[in-house]
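> Sharing a model that was predicted from the sequence below.
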Amino acid sequence: MELREILKKIVLLGDGGVGKTSLIARYVVNKFDDKYIATIGTKVSKKDIQVVKPNLIVNLRMMIWDILGQKEYSKIRTSSLSGAQGVILVADLSRPETVNNLQSFWLKEVQQVVGKVPTVMVGNKTDMVDKGSMAATILESTGQKLGIPTLLSSAKTGENVEEMFLTLGDILVADVVAAQPRAKEKAPQTLAEVVDFIIQDFCAQYGDLEKAMLIVQHQFEDAGVDIRRPSKEAVLQALDGLAKAEELSLTKSVARVNLEERQRMVILSKG
Amino acid sequence: MEQDIRIETLIIMSVAIFAVLAVVAFVVPFEDQETKLFFIAVVAALTGINVVGLFMVWRSSPTIVDEVFLMTPTGMLLKHYTRRLRPDQDEDILAGMLTAVQNFIRDSFDEAGGRLNEIRFENYDILISHGKSIVIAAIISTKKPERLRDQLKTATADLEAEFGDRIAKWTGDKKDLGDVDVIMKRFLSGKYRR
């Protein structure tokens, strides 16, 4: 299974007060106070999602730029919008004019600055307005006309908030496919070769070589792995520790896939 | 190793050695005047060597770079290097906010599209260098930021020349980034030269 790490810049846009900030508040990694949106016009947070494809796991990190919704601040908005690779346009279903503005103002501005990029339109505050309301109908028909997915959400109840990111994430990585399978490499034979392969594989997936080596060293010491003459039992024990580290640095499912593959290699190895 | 020795430690050691030798030269009764003069000459020579040595150590000691953010001009973090572990820090978000602050200042104060090149906060200096496709922000806590400016510009120009086209077309896939570590780690050492 191939693992890819992809970073994308996402911008949240929509009229002031439609609930952009509330919509993401509980679902993203926030490190800065919301007051920054009022003071410098922008706040950056992030959302990690995982997209599983045939022979490929994509760990998608979306850097979310929440931008001041007041239309007057076009200069700051344009700077923040620059380089956006995806957009979430948000409207307030209890204020139909905000739905109309998605196409007449926000979408136009996005296309002027970054061209056509993956977009999702969201009608927020379904806890206040019926889903069959005129505003919701207009939003859905606009989305259909423009070929943009639409979702009705509520920041208050959490309805469709996660889906909003998953929908955009799927579009963002739609053209990412697993690399062509290479000619089958010679599988490691002895346990020492397998251990060497596991260390290299762990470091490559972890990203930071120095930190990865420290983790390997620590886990091997804890499990009592003698690197010159390793035993299968000790190596298998160390693999559990490495998997726990990968759960934190990668994701649980990737860690599990790696663990099973490595366990299989150790068990089948000679020595 | 050179980086681990603080200049203050060297000064204290030199003063201590000089004091001991001076006490020996002037307090201990020598048998004859020639021996005393010889000893004083040795003390003077050692002191001179010390002063020259201190000056050379100060000149050659690198400016310590605490953290480096390699980013795109749109605020996407390409690589982050640090000497400190700050578990509460999220480097991706910090890189984005650093860019947002630069945008805010540029849009608010400079109609001609100037750039923010330095931020000072207490003991920290954040030096920022802008290329066409990359931005490097270096956080330093030592007192010689001026030395780093030229190195930062050189490293930025070298990265731009080698990886600029690739980064300009970068789609966000980390495997397509290229090996920027060679240049960045040399810069992080505080002794970057072409």
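Nice, I can see it.

> For chain B, which segments count as helices?
For chain B, the helices defined by DSSP state H cover B:7-27, B:33-60, B:91-109, B:145-168, B:181-188.

> can you list the domains in the chain?
Unless you meant another one, I'm taking chain A. Using automatic domain parsing, the domain ranges for chain A come out as A:2-172, A:191-268.

> my question was about chain B
Taken from automatic domain parsing, chain B resolves into B:2-60, B:65-188.

> out of those, which comes closest to chain A?
domain B:65-188 (2.6 Å; C-beta to the nearest C-beta). For every residue, glycine as well, the C-beta is placed using N, CA and C.

> Quick one: end-to-end distance for that closest one.
6 Å (C-alpha to C-alpha, to the nearest Å).

> next one: it to chain centre, how far?
Relative to the chain's own centre, domain B:65-188 is displaced by 14 Å; criterion: C-alpha atoms, centre = their mean, to the nearest Å.

> average model confidence for it?
Averaged across domain B:65-188, pLDDT comes to 87.

> where exactly do the helices run in the stretch 1-150 of chain A?
Counting by DSSP state H, counting those that start in this stretch, the stretch 1-150 of chain A has helices at residues A:20-25, A:35-40, A:74-81, A:96-101, A:107-114, A:134-146.

> Quickly, which of these bottoms out on average pLDDT?
helix A:35-40 (a mean of 77).

> Tell me how far it lies from the chain's centre.
Per C-alpha atoms, centre = their mean, the centroid offset for helix A:35-40 relative to its chain is 24 Å.

> is it up against chain B anywhere?
Yes: contact of helix A:35-40 with chain B (C-beta under 8 Å from any C-beta of the partner chain) involves A:36, A:40.

> Around chain B, which positions in chain A sit nearby?
So chain A meets chain B at A:4-9, A:29, A:31-32, A:36, A:40-46, A:61, A:63, A:65, A:75-76, A:79-80, A:82-85, A:176, A:207 (C-beta under 8 Å from any C-beta).

> As CSV, the domains of chain B with distance to A:Val99 would be great.
Output for the domains of chain B, formatted as CSV (distance: least, C-beta to C-beta, whole Å):
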stretch, distance to A:Val99
domain B:2-60, 60
domain B:65-188, 28
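
> Report pLDDT for A:Glu159.
92.

> distance of the closest residue to it other than its chain neighbours from chain B?
Nearest-residue entry for A:Glu159: A:Ser153, 5.6 Å, with adjacent residues in sequence omitted and distances by C-beta to C-beta, 6 or more residues apart in numbering or on different chains. Note on A:Ser153: its distance to chain B, by C-beta to the nearest C-beta, to the nearest Å, is 23 Å.

> do A:Glu163 as well
22 Å.

> Can you tell me which of the helices of chain B is most buried?
Using mean count of other C-beta atoms under 10 Å in any protein chain shown, the stretch among the helices of chain B with the greatest mean number of neighbours is helix B:91-109 (a mean of 20).

> what residues does that helix touch?
With C-beta atoms under 8 Å, 6 or more residues apart in numbering or on different chains as the test, helix B:91-109 has contacts from A:7, A:29, A:31-32, A:36, A:40-46, A:61, A:63, A:65, A:75-76, A:79-80, B:69, B:71, B:73-77, B:80, B:82, B:113-116, B:119, B:126, B:128, B:135, B:137.

> one more time with 7 Å, if that's ok
Contacts with helix B:91-109, where a contact means C-beta atoms under 7 Å, 6 or more residues apart in numbering or on different chains, come from A:29, A:31-32, A:40-42, A:44-46, A:61, A:63, A:65, A:75-76, A:79-80, B:69, B:71, B:75, B:77, B:80, B:113-116, B:137.

> If any of those residues are buried, put those into a PyMOL selection.
Selecting only the buried entries of the contacts of helix B:91-109 in PyMOL, with 16 or more other C-beta atoms under 10 Å in any protein chain shown as the criterion:
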select buried, (chain A and resi 31+32+40+41+42+44+45+46+61+63+65+76+79+80) or (chain B and resi 69+71+75+77+80+116+137)
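
> so which of the domains of chain B gets nearest A:Gln111?
Of all the domains of chain B, it is domain B:65-188 that lies closest to A:Gln111, at 17.0 Å by C-beta to C-beta.

> Please name the bridge partners of the nearest residue in space to B:Ala95 that is not next to it in sequence.
Using C-beta to C-beta, 6+ apart and skipping residues adjacent in sequence, the residue nearest B:Ala95 is B:Leu77, 3.8 Å away. Counting by DSSP bridges, B:Leu77 is bridged to B:Met71.

> what mean pLDDT does stretch B:12-29 have?
78.

> residues making contact with it?
Outside stretch B:12-29, the residues touching it (C-beta under 7 Å, 6+ apart) are B:39-40, B:43, B:46-47, B:50, B:54.

> Quick check: the gap between A:Arg77 and A:Ala84.
From A:Arg77 across to A:Ala84, the span is 11 Å (C-beta to C-beta, to the nearest Å).

> circling back to that earlier point, what sits against the residue nearest to B:Ala95?
Contacts of B:Leu77 (C-beta under 7 Å, 6+ apart): B:69, B:71, B:91-92, B:95.

> Go through those residues and name the one nearest A:Asn160.
For the contacts of B:Leu77, the nearest to A:Asn160 is B:Asp92 (25.1 Å; C-beta to C-beta).

> Quick check: phi and psi at A:Gly207.
With angles defined as degrees, to the nearest 10, A:Gly207 sits at phi 100, psi -60.

> Do you know the pLDDT at it?
72.

> Next: the one 10 residues further on.
According to the per-residue confidence, A:Gln217 scores 89 in pLDDT.

> Tell me which residues of the helix or strand encompassing it come out buried.
Assessed by DSSP states H and E, A:Gln217 sits inside helix A:209-223. Using 16+ other C-beta under 10 Å as the test for burial, helix A:209-223 gives A:212, A:215-216, A:219-220, A:223.

> Next: stretch B:117-129.
Result for stretch B:117-129 [16+ other C-beta under 10 Å]: buried residues B:119, B:125-129.
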